[in-house]
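>>> Got a predicted model here, sequence first, then my questions.
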Amino acid sequence: MTNIREVVVASDPTNHGALVCSVGGSQFNVGGPDGVGHISSGPNPYDLLSASLAACTAMSIRFQARRQRLPLERLEVSVSFRHGAQGERDSFARTLVLEGELDAHQRALLLDAANLCPVGKILGIGAAINTRLDAPATGHSPSTQASYEDDLAQLPIPNITPD
């Protein structure tokens, strides 16, 4: 039976209404605009999506390496999120660094494991996930850089001023 964990995000009235996320025994700030001119510190929702994809990918690769007894000594997964151009899908750029005495076949097995990550399967429904193996991170056009603050500002929420 799966242990279901609830994630709770609540405002922190002692810190300008910043948001705090609680998961099990862990807590961390959620970053982003608070609606009154402050930017809270911490990862914003796009960062959290990217972190979820990176963590799940790393776990999937590690699991496969242990299952196959592959000589994976260290792995690193970096993920960045980008908005698609007009009419195109949003995308995640995922870079894998696999260290150890791995041959080409073993590296291909671990790349396949990365693409089987359950979080990636869910996110891949609405966004493209482009994976590079041992490639240095490359910059994307700043015009397609995802900005949570900009997206939030474009929401069709009526401007309501408190009494």
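Arrived safely. Numbering: from 1, shown residues only.
>>> residue boundaries of the helices in the chain?
45-67, 104-114, 118-123, 148-153 (DSSP state H).
>>> Of the ones you listed, flag the one that's most buried.
Counting by mean count of other Cβ atoms under 10 Å, helix 45-67 has the highest mean neighbour count of those, with a mean of 18. Backbone N, C-alpha and C define where each C-beta goes, glycine included.
>>> mean confidence for it?
The average pLDDT for helix 45-67 rounds to 95.
>>> ditto for stretch 113-130
Stretch 113-130 comes out at a mean pLDDT of 90.
>>> re the thing from before, nearest to Asp12, of the helices of the chain?
Closest approach to Asp12 among those (Cβ to Cβ): helix 45-67, 16.7 Å.
>>> So the most centrally placed residue in the chain versus Arg107, what's the distance?
Centroid check for the chain by Cα atoms, centre = their mean gives Ser50 as the closest residue, at 1.0 Å. With distances taken as Cβ to Cβ, to the nearest Å, Ser50 is found 23 Å from Arg107.
>>> what do you get for Gly126?
To Arg107, Gly126 is 29 Å away according to Cβ to Cβ.
>>> will you turn the helices of the chain into a markdown table that also has distance to Arg132?
Formatted as a markdown table, the helices of the chain follow (distance: least, Cβ to Cβ, whole Å):
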| stretch | distance to Arg132 |
| --- | --- |
| helix 45-67 | 12 |
| helix 104-114 | 10 |
| helix 118-123 | 14 |
| helix 148-153 | 24 |
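>>> For Phe92, find the nearest of the ones you listed.
helix 45-67 (5.8 Å).
>>> tell me what that closest one is packed against?
With contacts defined as 3 or more Cβ pairs under 8 Å, 6 or more residues apart in numbering; DSSP states H and E, the packing partners of helix 45-67 are strand 72-82, strand 90-100, helix 104-114, helix 118-123, helix 148-153.
>>> Report pLDDT for Asn159.
pLDDT, Asn159: 49.
>>> re the thing from before, Ala10: which of the helices and strands packed on helix 45-67 is closest?
helix 148-153 (18.2 Å).
>>> Show me the contact partners of stretch 56-67.
70, 72, 75-77, 79, 94, 96, 98, 109-110, 112-114, 116-120 (Cβ atoms under 8 Å, 6 or more residues apart in numbering).
>>> Can I get that stretch in PDB, CA atoms only?
The C-alpha trace of stretch 56-67 is given here as PDB (Å, rounded to 0.1, in the frame of the first residue of the first chain):
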ATOM      1  CA  CYS A  56      12.600  11.700  -9.700                       C
ATOM      2  CA  THR A  57      15.000  11.300 -12.600                       C
ATOM      3  CA  ALA A  58      17.900  10.900 -10.200                       C
ATOM      4  CA  MET A  59      16.000   8.300  -8.200                       C
ATOM      5  CA  SER A  60      15.000   6.400 -11.400                       C
ATOM      6  CA  ILE A  61      18.600   6.300 -12.600                       C
ATOM      7  CA  ARG A  62      20.000   5.300  -9.300                       C
ATOM      8  CA  PHE A  63      17.400   2.500  -8.900                       C
ATOM      9  CA  GLN A  64      18.300   1.100 -12.400                       C
ATOM     10  CA  ALA A  65      22.000   1.300 -11.700                       C
ATOM     11  CA  ARG A  66      21.700  -0.600  -8.500                       C
ATOM     12  CA  ARG A  67      19.300  -3.100 -10.000                       C
END
